[in-house]
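Novice: Need a 3D model of the sequence below.
(chains A, B, C and D)
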There are 2 protein chains.
Amino acid sequence: MTKHNKSFCAADLRARILSQDIAPGSPLDEATLTAEYNISRTPLREILHRLAGGGYVRLEENRGAKVESMDFATMRVFFQTAPLVYCSIAQQAAENRTSRQVAQLKDIQVAFVAATRAQDTQRAGLMNHDFHELIGEMAQNPYLLASLKRMLVDHTRLGQTFFNPQSAEDEARVQKSSEQHDAMISAIEAQEPSLAVDLTLQHWDLSRGQIERYVRPDPLPLDVISMKDRRDAV
Amino acid sequence: MTKHNKSFCAADLRARILSQDIAPGSPLDEATLTAEYNISRTPLREILHRLAGGGYVRLEENRGAKVESMDFATMRVFFQTAPLVYCSIAQQAAENRTSRQVAQLKDIQVAFVAATRAQDTQRAGLMNHDFHELIGEMAQNPYLLASLKRMLVDHTRLGQTFFNPQSAEDEARVQKSSEQHDAMISAIEAQEPSLAVDLTLQHWDLSRGQIERYVRPDPLPLDVISMKDRRDAV
DNA sequence: TGTATGGCTTTCGTATACAAATTGTATAGG
DNA sequence: CCTATACAATTTGTATACGAAAGCCATACA
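Specialist: Numbering: from 1, shown residues only, chains lettered A, B, ... in the order given. Sure thing, here's the model as predicted:
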């Protein structure tokens, strides 16, 4: 580790934030990071500013950098806005994609499938992220791309549990997600915007369900700490 | 000029880019700017990175910073996307605005009207920019806000001629634009989303017409250099 | 016992010096 | 006369040292 420490640091921080390896709200101490990645503070601060521009990090004057956190108000807005942005992007991606980009997308999908097969949750999440980000670039729309990228930061963090299947149903959903990716690639390659939009909506529904299950999981079994017993104990 | 040189530099560069005082595509030389604003290269580079994050500036590795340029492909996308983003923002602004923000918006509108009265084209453009950016913040939607901000950078640059009226009709349009602002403030304050959307569409149509007139102006009069004479001359 | 104030530590912001990379130019060879 | 290559000059990228601001803790006073 001598020369491309800077780009490695940037990519690694991004990956660690997306995978929640660094939790939302965590402070990012400059001294610690410079020691960890063996770069000096100047390039590190440039990286932090870039990550801040992309919505990964929040900078506060004289108070350092923190990983951007998600409150409930933002989550509500996230669910409101996602279909609009994702579908608009999908439509334009199908219209404007280049064949070179389609080839790239297929490569990413191969890597994504490999990661899910290998149970590499973190890499699967990152490859899924890159998959959707590349669709965003296919749309050739720098304005909506800005929205999409910001949404994906939060989406990837929220969906981190998705690629860590705990049950047979979970595994079936990951499989279905992968199949939807394949269908989206076909629709985009064939330049069929309305089909791409339909598939995107289905993909969103699947992902939304998973996030909802994560946010509102099954309650703890009542017979372990029964409400009645607790009332008696007080 | 001793201490807040940095924030001044950031604000001034932003204003000069938005007003096309620094033309799209212009190189931003570090040495020149550090001398001009009397700050050192480290904070200047941070400013350039921030401006790059906002879509004002493009950074290329080892090749410095240039003002972001607009090609024809992007302009086409701009016209496609603006109604969607502006209307979505307007609707949510009317739903989610705080009364503090409404007060701020009125202040900006006062400054905007004053600038148009004073024929201060550059300041009018900037106040118009801030007006629409604040509406973006009212929407409380960080995802769409990213799109809006990027659109406004290009919109403000394209519309730079708008507030420099050359004819009675031009002046009437500026007046109408200002009245539309007032109506938008009312709709947002009264929390009437659908009215806000209607007004936004009208405002967009007015602005779009002005941009189209700017991009495709009246041709030069043919009797100055007649086509016939030119053919004979060759 | 609670609060306010003082210095003390830690962390962030800026300047400057140095290293690396790119571009322009001049010269030699075809 | 054109082209290629090497060297010089300019410009960008990085490291480090110094200055400034914020947070913390202890102590003193109400």
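Novice: Which positions in the longest helix along chain A come out as buried?
Specialist: If you go by DSSP state H, chain A has its longest helix at helix A:72-96. Of all the residues in helix A:72-96, those buried under the rule 16 or more other C-beta atoms under 10 Å in any protein chain shown are A:77-78, A:81-82, A:84-94, A:96. C-beta: built from backbone N, CA, C; applies to glycine.
Novice: what does chain A have sitting close to DNA strand C?
Specialist: When proximity is defined as C-beta under 7 Å from any atom of the strand, chain A approaches DNA strand C at A:3, A:27, A:29-31, A:41-42, A:45, A:59, A:61-65.
Novice: Could I get the full set of helices for chain A?
Specialist: Secondary structure of chain A (DSSP H): helices at A:5-18, A:30-37, A:41-53, A:72-96, A:99-117, A:121-138, A:142-158, A:168-189, A:193-215, A:227-233.
Novice: and residue A:120, how many residues sit next to it?
Specialist: 15 (other C-beta atoms under 10 Å in any protein chain shown).
Novice: how close does it get to chain B?
Specialist: According to C-beta to the nearest C-beta, to the nearest Å, residue A:120 and chain B sit 28 Å apart.
Novice: thinking again about what came up before, got the helices of chain A as JSON lines, with mean pLDDT columns?
Specialist: Putting the helices of chain A into JSON lines (pLDDT from 0 to 100) gives the following:
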{"stretch": "helix A:5-18", "mean pLDDT": "93"}
{"stretch": "helix A:30-37", "mean pLDDT": "92"}
{"stretch": "helix A:41-53", "mean pLDDT": "94"}
{"stretch": "helix A:72-96", "mean pLDDT": "96"}
{"stretch": "helix A:99-117", "mean pLDDT": "97"}
{"stretch": "helix A:121-138", "mean pLDDT": "97"}
{"stretch": "helix A:142-158", "mean pLDDT": "97"}
{"stretch": "helix A:168-189", "mean pLDDT": "96"}
{"stretch": "helix A:193-215", "mean pLDDT": "95"}
{"stretch": "helix A:227-233", "mean pLDDT": "56"}
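Novice: Now for residue A:193: which residues touch it?
Specialist: Taking C-beta atoms under 8 Å, 6 or more residues apart in numbering or on different chains as the criterion, residue A:193 is in contact with A:90-92, A:94-95.
Novice: how does it look with 6 Å?
Specialist: Residue A:193 makes contacts with A:91, A:94-95, as judged by C-beta atoms under 6 Å, 6 or more residues apart in numbering or on different chains.
Novice: So which of those reach DNA strand D?
Specialist: With C-beta under 7 Å from any atom of the strand as the criterion, the contacts of residue A:193 include none near DNA strand D.
Novice: and these as a markdown table, adding distance to chain B?
Specialist: Putting the contacts of residue A:193 into a markdown table (distance: C-beta to the nearest C-beta, whole Å) gives the following:
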| residue | distance to chain B |
| --- | --- |
| A:91 | 11 |
| A:94 | 15 |
| A:95 | 10 |
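Novice: how many neighbours does the nearest residue to residue A:182 once chain neighbours are set aside have?
Specialist: In space, and not counting its chain neighbours, residue A:182 is closest to residue A:109: 6.9 Å by C-beta to C-beta, 6 or more residues apart in numbering or on different chains. By the criterion of other C-beta under 10 Å, residue A:109 has 20 neighbours.
Novice: Chain A against DNA strand D: which residues are in contact?
Specialist: Within chain A, the positions near DNA strand D by C-beta under 7 Å from any atom of the strand are A:5-6, A:39-43, A:46, A:62-63.
Novice: which one among the residues you listed gets closest to chain B?
Specialist: Proximity of the residues of chain A next to DNA strand D to chain B (C-beta to the nearest C-beta) peaks at residue A:46, which lies at 5.8 Å.
Novice: Just give the number of residues close to that closest one.
Specialist: Neighbour count of residue A:46, defined by other C-beta under 10 Å: 18.
Novice: next one: residue A:7
Specialist: By other C-beta under 10 Å, 12 other residues sit near residue A:7.
Novice: Tell me which residue lies nearest the centroid of chain A.
Specialist: Central residue of chain A (C-alpha atoms, centre = their mean): residue A:156, 1.6 Å from the mean position.
Novice: What residues does that one make contact with?
Specialist: For residue A:156, the contact set (C-beta under 6 Å, 6+ apart) comprises A:18, A:125, A:129.
Novice: Excluding covalently adjacent residues, which one is nearest to residue A:92?
Specialist: Nearest residue to residue A:92, sequence neighbours excluded (C-beta to C-beta, 6+ apart): residue A:139, at 3.7 Å.
Novice: Ok, residue A:95 next?
Specialist: residue A:193 is the one closest to residue A:95 (C-beta to C-beta, 6+ apart), at 5.5 Å.
Novice: Could you do residue A:180 as well?
Specialist: Counting by C-beta to C-beta, 6+ apart, the residue nearest residue A:180 is residue A:203, at 4.6 Å.
Novice: Quickly note the distance from that neighbour to DNA strand C.
Specialist: Computed with C-beta to the nearest atom of the strand, to the nearest Å, the distance linking residue A:203 and DNA strand C is 39 Å.
Novice: what's the answer for residue A:8, then?
Specialist: 15 Å.
Novice: now that residue: how far from chain B?
Specialist: In terms of C-beta to the nearest C-beta, residue A:8 sits 15 Å off from chain B.
Novice: Next, the contact list for that residue, please.
Specialist: With C-beta under 6 Å, 6+ apart, residue A:8 has no contacts at all.
Novice: Same check on residue A:131?
Specialist: If you count contacts by C-beta under 6 Å, 6+ apart, then residue A:131 has residue A:108 around it.
Novice: Tell me how far it lies from chain B.
Specialist: To chain B, residue A:131 is 19 Å away according to C-beta to the nearest C-beta.
Novice: Could you do residue A:22 as well?
Specialist: 20 Å.
Novice: Which residues are in contact with that residue?
Specialist: The contact partners of residue A:22, taken as C-beta under 6 Å, 6+ apart, are A:16, A:67.
Novice: ok, now how distant is it from residue A:47?
Specialist: 13 Å (C-beta to C-beta, to the nearest Å).
Novice: One more: residue A:79?
Specialist: As judged by C-beta to C-beta, residue A:79 and residue A:47 stand 31 Å apart.
Novice: can you check residue A:99 too?
Specialist: 33 Å.
Novice: When those two are compared, which one has more neighbours?
Specialist: Legend: neighbour count by other C-beta under 10 Å for residue A:99 and residue A:47, higher for residue A:47 (24 against 8).
Novice: Now for that one: which residues touch it?
Specialist: By C-beta under 6 Å, 6+ apart, the neighbours of residue A:47 are A:9-10.
Novice: now the one 10 residues further on
Specialist: For residue A:57, the contact set (C-beta under 6 Å, 6+ apart) comprises A:48, A:51, A:65, A:68.
Novice: hmm, 10 Å instead?
Specialist: Each residue near residue A:57 by C-beta atoms under 10 Å, 6 or more residues apart in numbering or on different chains is listed here: A:13-14, A:17, A:22, A:26, A:28, A:47-51, A:64-68, A:153.
Novice: Which single residue of chain A ends up nearest chain B?
Specialist: Closest point on chain A to chain B, by C-beta to the nearest C-beta, is residue A:53, at 2.3 Å.
Novice: neighbours of that residue, just the number please.
Specialist: As a burial measure, residue A:53 scores 19 neighbours (other C-beta under 10 Å).
Novice: and if you look at residue A:23?
Specialist: 11.
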